[in-house]
Every structure is written in structure tokens, then in C-alpha cells.
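Undergrad: Mind looking at a prediction? Sequence and model below.
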Amino acid sequence: QVQLVESGGGLVQAGGSLRLSCAASGRTFSSYAMGWFRQAPGKEREFVAAISPSGANSYYTDSVKGRFTISRDNAKNAVYLQMGSLNPEDTAVYYCAAGPILQKPRRPNYWGQGTQVTVSS
């Protein structure tokens with residue numbers, strides 16, 4: 001069982017940066033691929049980024065490549081999403097996820113409760 005708690009969301013101006021954090025419970029954290037999804041109002045939840053259990057490999061949706069960086073610290077049971085050059089289209093609730101998400105179909109076993117990111121123009 002893994003419990004995920006996100007933090008770091010907030011309001012930021014276009015062009016700004018934010019760093020999301022996800023704290024995980026459970027001794028098996030380092031065995032899970034971890035990632036981030038987001039859901040904007042009126043839209044389906046979409047994949048943003050994922051990282052392999054060791055941290056050696058990462059994956060991104062095209063719209064965030066070069067702007068977002070996912071990382072993890074297995075000693076701290078944490079995963080991070082550094083977001084830069086934010087634009088209003090990045091506004092969404094961001095969810096941390098754990099499970100088989102490195103490749104499609106991405107179907108996490110565990111979800112966090114979400115953290116709101118709002119980018120003003």
C-alpha cells in the first residue's frame with residue numbers, strides 16, 4: 001500500500017516556475033514507477049511525466065518537454081516536478097501517481113489527492 005501527498009501548488013504568473021513535491025508512505029516506494037498527471041477544468045486527466053523506480057529514465061508528454069523536469073529521491077520517499085516557463089494552459093489540478101505508468105496504457109495503482117496549479121496571464 002502506498003499513500004501519496006502532494007504539495008507545492010499555487011498561483012504563478014505566466015513565465016514563472018513552481019516545484020511540486022509528492023511524499024509517499026510505504027517501504028516499497030523505490031520499487032514503483034512514479035509520475036504526475038493533471039486535469040484541467042472540463043478536460044480529462046492527462047499524463048504529464050513519469051520516472052522509473054531507479055530514477056534512470058524519465059518520460060514526458062510533448063507539451064511539457066524542455067519545461068518540466070521530474071526527479072525522485074528514494075531515500076526520502078519523494079518525487080518532484082520542477083515546472084518552468086509556465087503558461088495558462090498548464091493550469092490544472094496536478095496528481096501524483098504510482099504504478100505501471102512508464103508506457104501506455106498508463107494505469108496507476110495509487111493516486112494522491114491533487115494540488116492546484118494556476119497560471120495567470
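TA: Perfect, thanks for sending it.

Undergrad: Which residue ranges of the chain form strands?
TA: In the chain, the segments counted as strands under DSSP state E are 4-7, 10-13, 18-24, 34-39, 46-51, 58-60, 68-73, 78-83, 92-98, 110-111, 115-120.

Undergrad: Could you tell me how far the spatially closest residue to Arg107 that is not a sequence neighbour is located from Tyr110?
TA: Using CB to CB, 6 or more residues apart in numbering and skipping the chain neighbours, the partner closest in space to Arg107 is Pro100 (6.1 Å). From N, CA and C alone the C-beta is placed, and that goes for glycine too. As judged by CB to CB, to the nearest Å, Pro100 and Tyr110 stand 11 Å apart.

Undergrad: Could you state which residue of this protein sits nearest its centroid?
TA: Nearest to the mean C-alpha position of the chain, by CA atoms, centre = their mean, lies Trp36 at 2.4 Å.

Undergrad: Do I have it right that that residue meets Val93?
TA: No - using CB atoms under 8 Å as the test, Trp36 is too far from Val93 to be in contact (10.9 Å).

Undergrad: overlap in contacts of these two?
TA: Counting by CB atoms under 8 Å, 6 or more residues apart in numbering, Trp36 and Val93 have no contacts in common.
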